[in-house]
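**Student:** can't give you the sequence, but here's the structure:
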């Protein structure tokens, strides 16, 4: 039996804003509303289902996306064009830098709800 991650729920103050932000930065599409969820699907079939939360504080989560070098260039350009602060590290101590971990490139940035998003071109340990 193979086990694969199929979807995860991402809590947001406004599902449309957050799903649109992720889709715009990563060059993906926002799917059709499904019940309380607004999905954004990745190329490996994993769906991030955005749900509007009525909680005052959204607990930040971390979502990492493995992308090609060409996709990284496009993502990086969209981040810079939008004026989004990016970091080389998850602790956000190196603003305006990217990392070169495992021979690739990576960066971290925040979504509108404070979730930490990461784009990497090489998997860790690879």
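**Tutor:** Perfect, thanks for sending it. Computed from a predicted model, the values in this text were never measured in an experiment.
**Student:** correct me, but residue 17 touches residue 112?
**Tutor:** Yes - in terms of Cβ atoms under 8 Å, residue 17 counts as a neighbour of residue 112; the distance is 5.6 Å. Every residue, glycine included, has its C-beta placed from N, CA and C.
**Student:** Mind listing what's buried along the biggest helix by length in the chain?
**Tutor:** The residue-count maximum for a helix in the chain (DSSP state H) belongs to helix 69-82. Going by neighbour count (16 or more other Cβ atoms under 10 Å), the buried part of helix 69-82 is 71-72, 75-76, 79.
**Student:** Which helix or strand contains residue 21?
**Tutor:** helix 15-26 (DSSP states H and E).
**Student:** Could you list every helix and strand in contact with that helix?
**Tutor:** Contacts defined by 3 or more Cβ pairs under 8 Å, 6 or more residues apart in numbering; DSSP states H and E place helix 15-26 against strand 7-12, strand 37-41, strand 47-52, helix 69-82, strand 116-120.
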